[in-house]
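Visitor: Pasting the sequence and the predicted coordinates here, then a few questions.
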Amino acid sequence: MSLQNSTDKAEALIEALPYLQAFRGKTFLIKMGGSAMEDPELVRKVMRDIVFLEVAGIHPIVVHGGGKAISAAMKTAGLEAEFIGGFRKTSEEAIGIVEKVLSNEINPGLVQMIREFGGKATGIPGTDVFLGEKMRAKDAAGQPVDIGRVGEVVGCQLANMEPAFRAGIVPVISPLAAELATGKPLNINADLAAAALAKELRVSKLVYLSDVPGVMRDPSFPDTLIHSINRQEAEALMSDGTITGGMIPKIRSAMDALNAGVRKVHFVDGRLPHALLLEIFTDGGIGTEVTR
Ligand SMILES: Nc1ncnc2c1ncn2[C@@H]1O[C@H](COP(=O)(O)OP(=O)(O)O)[C@@H](O)[C@H]1O
Ligand SMILES: CC(=O)N[C@@H](CCC(=O)OP(=O)(O)O)C(=O)O
């Protein structure tokens with residue numbers, strides 16, 4: 001390696017110094033979207049970044065999604081995926097598939113990857129952490145519609161994750177909730193689950209990792225990335241149809257989390273190697289920062 005090369009590496013570390021100092025001992029909630037989980041090699045890189053955070057004295061918590069894998073499993077079972085207002089219509093048959101994919105495939109896969117890089121992690125089913133109530137959903141015309149076993153979070157049971165967290169073990173949590181009235185599982189949009197926990201813990205950062213560079217003025221052109229967005233701008237982009245689909249629950253839950261005392265919310269491309277570290281530890285950042 002040339003001297004210049006080594007100096008560049010040392011300078012990258014020095015650029016991170018004020019951030020390492022500021023964030024040591026802080027809690028970051030990382031929402032790992034299913035859209036960014038299509039390539040296992042890229043997911044492994046994100047999990048390695050999470051191990052880096054842990055080693056740097058930051059306390060990461062992972063809440064994961066898995067929407068694409070759930071849709072694929074439903075298709076194999078002969079069920080069609082249908083979304084209403086961004087939420088998956090979840091029949092009694094479908095909730096079994098949702099639970100199976102999240103708890104048997106995705107969650108243990110992420111835990112295993114963190115461990116492979118020498119990190120400590122433990123898988124926690126969302127039903128042990130989130131309490132939910134059935135969501136009162138509306139269709140496109142604003143009429144109430146039954147979307148089955150879909151919930152919204154009404155409370156968090158921190159006692160079930162705190163011992164691991166305090167012991168320096170990264171909790172990896174699935175987006176399910178135990179229904180308050182029955183204890184039965186409810187399917188929760190993972191963005192909402194992540195924001196609910198981020199609010200409860202008043203984390204320093206909530207980072208959404210997805211399959212886009214951030215919020216864009218035109219989702220087909222990455223160079224239209226918006227580096228910083230506030231509520232007013234986001235509302236305008238939602239009403240003119242620039243922000244649609246899966247980005248809507250992200251924006252809404254991000255604003256909600258900021259209002260509840262979460263310090264910073266970032267949207268970052270989880271497919272880009274080290275996007276998480278670049279967003280957190282460099283002066284420029286690379287995704288979209290959401291502000292109040
Ligand atoms: N203005 C926008 N900027 C960026 N992404 C957008 C925008 N509007 C809609 N989207 C969509 O939001 C998607 C991310 O949401 P989603 O598919 O639910 O991801 P995840 O699985 O990470 O939760 C992107 O793939 C993109 O298609
Ligand atoms: C109610 C609802 O829609 N739940 C989501 C849970 C997974 C999720 O949110 O995954 P992503 O983060 O990959 O989108 C679903 O069934 O797809």
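Guide: Received it, and whenever you're ready, just let me know what you need. Ligands and ions are numbered 1, 2, ... in the order given.

Visitor: Near ligand 1, which residues of this structure are found?
Guide: For the chain, the residues in contact with ligand 1 (C-beta under 6 Å from any ligand atom) are 33-36, 65, 67, 191, 210-212, 215-216, 219, 242-247. C-beta here means a position set from N, CA and C on the backbone, and glycine is covered the same way.

Visitor: Return only those of the residues you listed found close to ligand 2.
Guide: Applying C-beta under 6 Å from any ligand atom, the subset of the residues of the chain next to ligand 1 adjacent to ligand 2 comprises 33-35, 65, 67, 246.

Visitor: Mind picking the lowest-pLDDT entry from the residues you listed?
Guide: The lowest pLDDT within those belongs to G246, with 87.

Visitor: Excluding sequence neighbours, find me the nearest residue to L277.
Guide: What sits nearest to L277 in space, not counting adjacent residues and going by C-beta to C-beta, 6 or more residues apart in numbering, is D49, at 5.2 Å.

Visitor: How many residues are close by the residue in the stretch 151-292 of the chain positioned nearest to ligand 2?
Guide: Evaluated by C-beta to the nearest ligand atom, the stretch 151-292 of the chain has A190 as its residue closest to ligand 2, separated by 3.4 Å. A190: 28 surrounding residues under other C-beta atoms under 10 Å.

Visitor: now this protein, which segments are flagged as low pLDDT?
Guide: Of all residues in the chain, those with pLDDT under 70 make up the ranges 1.

Visitor: what do you get if the cut-off is 50, keeping everything else the same?
Guide: For the chain, no stretch is flagged by pLDDT under 50.

Visitor: center of it - which residue?
Guide: K31 (1.5 Å; C-alpha atoms, centre = their mean).

Visitor: Looks to me like it is in a helix.
Guide: No. The assignment for K31 (DSSP: H, G, I helix; E, B strand; the rest coil) gives strand, which keeps it out of a helix.
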